[in-house]
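K.L.:
turn this into a model:
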Amino acid sequence: MDKTGLFDRIKGKLIISCQALPGEPLYDPERSLMPYMARAAKQSGSPMIRTNSVRDVIGIKKETALPVIGLIKQVYEGYEGYITPTMKEVDALVDAGADIIALDCTDRKRGDGLKAAEYIRQVRERYPDQILMADISTYEEGMDAWKNGVDLVSTTMSGYTDYTPKLDGPDFELAGRLAKDLPIPVIGEGRVHTPEEAVHMLDMGVWAVIVGGAITRPLEIAQRFMREIDRRNG
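P.N.:
Next up, the predicted model:
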């Protein structure tokens, strides 16, 4: 599917993030459980899945035949950014068939010495036709990522960098401002906990909204219920 067709497919829709990291209840080192989460997401009507790791990109595409936003969470010494932080991860995701590749495009220190703009340009030079998504935390990062060649911008990292406000819910202000000023799709993502918040994200003008933990991380969901019950019981 070409870029225009892919973007038309997700416009005004909910993309579901299906991820499980080592140490989480749904992570199994021997087999991937995320294709089953993605199956449920597809049955709900989601037109695209966001996922982490080569294993889950391949497994989810095989299970659902849906397009996938792929990323690899990898921590390297000297790096603060961890979402597809080097060309090694980009190469792996291209080989796995990720339709869109998410990159950390924040201003945090990079262990390879590159600025986000330089990294984007290097990826674009190697893979001129690959659709790239910038995971950003500020308005300026989003604008810079667009100027340097990404195809989409997502508010994923707002509240997760040490220079952005720690909000309980989504960063509606950032999403709306970027959606107003950028000529490329802006994806609303980050701490979208309720259907109402997802709808409000779309009302702010974003192209699509991504929800993960509120749908696909059962431990987090159960803990929210437990906290309220505990509060009620004093």
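
K.L.:
okay, strands next: where are they in the protein?
P.N.:
Ranges of strands within the chain are 14-17, 49-52, 68-71, 100-104, 131-135, 152-154, 186-189, 208-211, based on DSSP state E.

K.L.:
so what pLDDT did the residue lying closest to G205 once chain neighbours are set aside get?
P.N.:
Leaving out its chain neighbours, the residue that sits closest to G205 by C-beta to C-beta, 6 or more residues apart in numbering is A179, at 3.5 Å. Yep, even glycine has a C-beta here, placed from its N, CA and C like the rest. Residue-level confidence at A179 comes out at 98, pLDDT.

K.L.:
before we move on, back to that, got JSON lines for the strands of the chain, with mean pLDDT and mean neighbour count too?
P.N.:
What follows is the strands of the chain, written out as JSON lines (pLDDT from 0 to 100; neighbours: other C-beta atoms under 10 Å):
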{"stretch": "strand 14-17", "mean pLDDT": "98", "mean neighbour count": "25"}
{"stretch": "strand 49-52", "mean pLDDT": "98", "mean neighbour count": "28"}
{"stretch": "strand 68-71", "mean pLDDT": "98", "mean neighbour count": "28"}
{"stretch": "strand 100-104", "mean pLDDT": "98", "mean neighbour count": "26"}
{"stretch": "strand 131-135", "mean pLDDT": "98", "mean neighbour count": "25"}
{"stretch": "strand 152-154", "mean pLDDT": "98", "mean neighbour count": "29"}
{"stretch": "strand 186-189", "mean pLDDT": "98", "mean neighbour count": "28"}
{"stretch": "strand 208-211", "mean pLDDT": "98", "mean neighbour count": "26"}
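
K.L.:
now those strands as CSV including distance to V123?
P.N.:
Output for those, formatted as CSV (distance: least, C-beta to C-beta, whole Å):
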stretch, distance to V123
strand 14-17, 21
strand 49-52, 18
strand 68-71, 13
strand 100-104, 7
strand 131-135, 6
strand 152-154, 14
strand 186-189, 18
strand 208-211, 21
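
K.L.:
and those: which comes nearest G78?
P.N.:
Closest to G78 of those is strand 100-104 (C-beta to C-beta; 13.7 Å).

K.L.:
and that closest one, what does it pack onto?
P.N.:
On a contact count with 3 or more C-beta pairs under 8 Å, 6 or more residues apart in numbering; DSSP states H and E, strand 100-104 meets strand 68-71, helix 87-96, helix 116-126, strand 131-135.

K.L.:
returning to what we had before: and for the residue nearest to G205, the neighbour number?
P.N.:
A179: 21 surrounding residues under other C-beta atoms under 10 Å.

K.L.:
I'd say it and M204 touch.
P.N.:
Yes - counting by C-beta atoms under 8 Å, M204 is a contact partner of A179 at 6.1 Å.

K.L.:
now the helices for the protein?
P.N.:
3-10, 34-44, 54-64, 87-96, 116-126, 139-147, 172-181, 195-203, 213-216, 218-232 (DSSP state H).

K.L.:
quick one: buried residues of stretch 141-150?
P.N.:
The neighbour-count check on stretch 141-150 (16 or more other C-beta atoms under 10 Å) flags E141, G142, M143, D144, A145, W146, N148, V150 as buried.
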